[in-house]
Every structure is written in structure tokens, then in C-alpha cells.
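> Provided below for reference: sequence and predicted model.
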Amino acid sequence: YTPLYSQKGRDPDAFYEWLGPNGRFRTVEEYVYDGARLAQILVYQEAPGAGAFSTEERFRYDEAGQLLGIERFHPSGASQVVYRRRPRGQTLASIRKAATEKMIAAIIGRLRAEQIWERLYCIELAYESASQHFPPQIILGPERYRQDLLSSGDSGARFYVFAPVVQGQWLEISDPDTLEICGLLEQEIQAGQKWETARRILRDVAAGLTRHDWRGLLDVTPDFVVYAIDHELEADYLEEALLASVSKQQVAEWKAQGWL
């Protein structure tokens, strides 16, 4: 941001041309109807620093013409639930409970399938608070990585102890039932802009995994922790994220060692 933005902004057309294709926000939407029903929204977008991209939103209706759901499709083939009508009797509380249980079970199952032999000191559940929270990415923190940092001789390396995203192994959840309930939960979060609720849910999942008995499945250190964070936007809340899973005493010990 510079004063030029304010000066140029007095003339929207000049401002638009000044920003150029890689420095402007632009959204164009085409609405496609099937008779009286909205069937698709074709979206073209530009954003600063990124190339142009397009998405397609498809609408589904029941026989009575009531909206059942909206799904967004990306050129990569990935899709995302934008809206899905709740089944009768389903509430945010019930969706939250089911999704939390499903995510914990799915993460344990994913780790079991991976057959990890390295000793771990942490697992980071990574998400993007600006776009999608559920299910999180699973980032492994091997003890080898921590020891390499601490023995590197770099005084600043200790600050990366709780950032296994730099070198850790990434795993994804692919269980269909978990993805289904996570899609419903994400819809509720986005529609109500319940960002703090999403953060609390992910921290509940992380705390449940920290307390899990990993014997026979993973080799973990005595101070093993699972925590949930969006490192790009929430790095300043790392201590808070860790406190959701472990005691104040444990966090104090990490701080005394200069890791926080």
C-alpha cells in the first residue's frame, strides 16, 4: 500500500489499468439457467500475484424444485461443497461431533496405513483459515528433524522446531465418509463465518490425538504433541495452539529451551 492507491483510486478506470493483470482483483460471473432454475455459475477470477483462473458451480435440485446442493469444480478436477441442505434433524452441534470423531479416526487410520517407523515428536494439522479448514493436512515432525535443527549451530534454527512444514512429510485424508462430513462442517463454518469455531474444532481434534495411546502404532517422544495451526496467517498463535493440547508446564519447558 502506498499513497498512490488513494490517488489512483479517485478514477476507477485509471486505477484498474495502473494495477494491471497481475495486480488487480477481478471477478466475472456468468449465470446459466435451465428454464427458470439457476443451473451453473461460471466464474473467472484474477488476483494480484496469481494467474487468471476459472471455477464452475453446479446446482442440484430435488423433484419439487428445492435446492439440494451447490458444488464448486476447479480446472484441476478438485471439487468443494459450497452448499448442501441439511438432512432433517441434523444440527451444527451434531455435525461438529460427528466430524470431530471422524477426523480423529481417519487421521489414526491414515497414520496406520503409512507404517511410519521414524520416531516423531510432533504432528502438525495444517489448514488454510482463509479458505478451507476441514479436513486438515497431516504434517509429520520426525525427531531426526528436531535434532538436526538443534545441532546445526544456527542460533535461529530453534524457532523452526514447531514448523515441521519446512521439511516434514505431508499426508492427506481420503476416507469418503470423513470428507463427506467435513464438507458439511465446512459449509456451516463458511456460511456463518464461524472462524473461531473452526479453530476450536481443529484444536479439539489435535488434543484428542495428543492423548491417544500410540503404542504399537507410532514411536513418539515423551513430549509428543499434535497441534492445529495455519502457519501462514496464525503463526503468532503457536503457543495458544500448543496449549490446547498440552499443559502450561510443558509449554514453559519448551519456552525455557528457546523453542517458542
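Everything's here; your move.
> could you report the pLDDT at the residue nearest the centre of the chain?
Central residue of the chain (C-alpha atoms, centre = their mean): Y127, 2.0 Å from the mean position. Among the per-residue scores, Y127 shows a pLDDT of 93.
> which residue, other than its chain neighbours, is closest to V82?
Of all residues not flanking V82 in the chain, I70 sits nearest, at 4.1 Å (C-beta to C-beta, 6 or more residues apart in numbering). Every residue, glycine included, has its C-beta placed from N, CA and C.
> ugh, wrong one, I meant R203
Counting by C-beta to C-beta, 6+ apart, the residue nearest R203 is A244, at 3.8 Å.
> please tell me how far the one you found sits from V226.
A244 sits 10 Å away from V226, taking C-beta to C-beta, to the nearest Å as the criterion.
> now do the shared contacts for the two.
206-207 (C-beta atoms under 8 Å, 6 or more residues apart in numbering).
> the two: which has the busier surroundings?
Set side by side, A244 and V226 show more neighbours around V226, with 27 against 21, by other C-beta atoms under 10 Å.
> surely that one touches A126?
No: contact criterion C-beta atoms under 8 Å: V226 and A126 do not qualify, at 11.6 Å.
> all helices for the chain, in order.
In the chain, the helices defined using DSSP state H lie at 3-8, 12-19, 92-114, 143-150, 176-192, 195-211, 231-234, 238-243, 248-256.
> quick one: least confident helix or strand in this structure?
helix 3-8 (a mean of 62; mean pLDDT, DSSP states H and E).
> just for the stretch 51-200 of the chain, where's the confidence low?
51 (pLDDT under 70).
> P75: neighbour count?
P75, neighbours per other C-beta under 10 Å, totals 9.
> I138 now?
Neighbours of I138 (other C-beta under 10 Å): 22.
> beta partners of it?
L125, L171 (DSSP bridges).
> show me the contacts for it.
107, 110-111, 123-126, 170-173.
> ok, it to V43 distance?
Taking C-beta to C-beta as the measure, I138 falls 30 Å from V43.
> what's the answer for G69, then?
17 Å.
> okay, now the closest residue to E188 other than its chain neighbours: neighbour count?
Spatially, and ignoring its direct neighbours in sequence, E188 is nearest to L92 (5.2 Å; C-beta to C-beta, 6+ apart). By other C-beta under 10 Å, the residues close to L92 number 15.
> from here on, count from 278
Let's use 278 as the start, then, which means that last one is L369.
> right, and L369 touches Q464 too?
No: assessed by C-beta under 8 Å, L369 is found out of contact with Q464, at 10.2 Å.
> need the per-residue pLDDT for the nearest residue to Y398 once chain neighbours are set aside.
Distances taken as C-beta to C-beta, 6+ apart put T498 closest to Y398, at 4.4 Å, once the chain neighbours are dropped. pLDDT, T498: 97.
> hmm, back to that, which one of the helices of the chain lies closest to E307?
helix 289-296 (20.2 Å; C-beta to C-beta).
> let me see the mean pLDDT of the closest one.
70.
> contacting residues around the nearest residue to Y360 once chain neighbours are set aside?
Excluding the flanking residues, the one nearest Y360 by C-beta to C-beta, 6+ apart is I347, at 4.2 Å. For I347, the contacting residues are 334-337, 358-361, by C-beta under 8 Å, 6+ apart.
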